[in-house]
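> this one's sequence-less:
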């Protein structure tokens, strides 16, 4: 048996970090060039967020006092 411990993995792979940075830069330039279009759609995106949040935020948040233990 070997007493050598395996080398620790980096917290995040460098390729993943580079891809995330590249995506952020691309998003910045895309928004900078099309900001007028984004602002025209903003009220509709805000209204669309309401039902989406309603669908995803109702899991286990409404327990009644007479119910059993929380799930």
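Good, I have the coordinates. Computed from a predicted model, the values in this text were never measured in an experiment.
> Beyond the helix or strand hosting residue 29, next helix or strand please.
Element membership for residue 29 (DSSP states H and E) is helix 14-33. Using DSSP H and E, the helix or strand that follows helix 14-33 in sequence is helix 35-56.
> Need the pLDDT of residue 52.
Confidence at residue 52, expressed as pLDDT, is 88.
> Identify the residues contacting it.
Going by CB atoms under 8 Å, 6 or more residues apart in numbering, residue 52 touches no other residue. Just so you know, the C-beta spots here come from the backbone N, C-alpha and C atoms, and that holds for glycine as well.
> hang on, the earlier thing: the inter-axis angle of the helix holding residue 29 versus helix 35-56?
120 degrees (axes from the mean of the first three to the mean of the last three CA atoms, to 10 degrees).
> ok, residues contacting helix 14-33?
Counting by CB under 8 Å, 6+ apart, residue 38 sit against helix 14-33.
> Could you pull up the mean pLDDT of it?
Mean predicted confidence for helix 14-33 is 94.
> what's the residue closest to the geometric middle of this structure?
residue 20 (12.7 Å; CA atoms, centre = their mean).
> secondary structure class for residue 11?
Judged by DSSP: H, G, I helix; E, B strand; the rest coil, the three-state class of residue 11 is coil.
> Report how many residues lie close to it.
6 (other CB atoms under 10 Å).
> okay, it: pLDDT?
74.
> sorry, back to before: what about the helix holding residue 29, distance to the chain center?
Distance, stretch centre to chain centre, for helix 14-33: 15 Å (CA atoms, centre = their mean, to the nearest Å).
> Kindly report the same for stretch 38-55.
On the basis of CA atoms, centre = their mean, stretch 38-55 sits 16 Å off its chain's mean C-alpha point.
> Over to stretch 39-56?
For stretch 39-56, the separation from the chain centroid amounts to 16 Å (computed by CA atoms, centre = their mean).
> again, but for stretch 7-23
17 Å.
> Which helix or strand contains residue 58?
Judged by DSSP H and E, residue 58 forms part of no helix or strand.
> distance of it from residue 40?
From residue 58 across to residue 40, the span is 31 Å (CB to CB, to the nearest Å).
> And residue 27, by the same measure?
For residue 27, the distance to residue 40 - CB to CB - is 18 Å.
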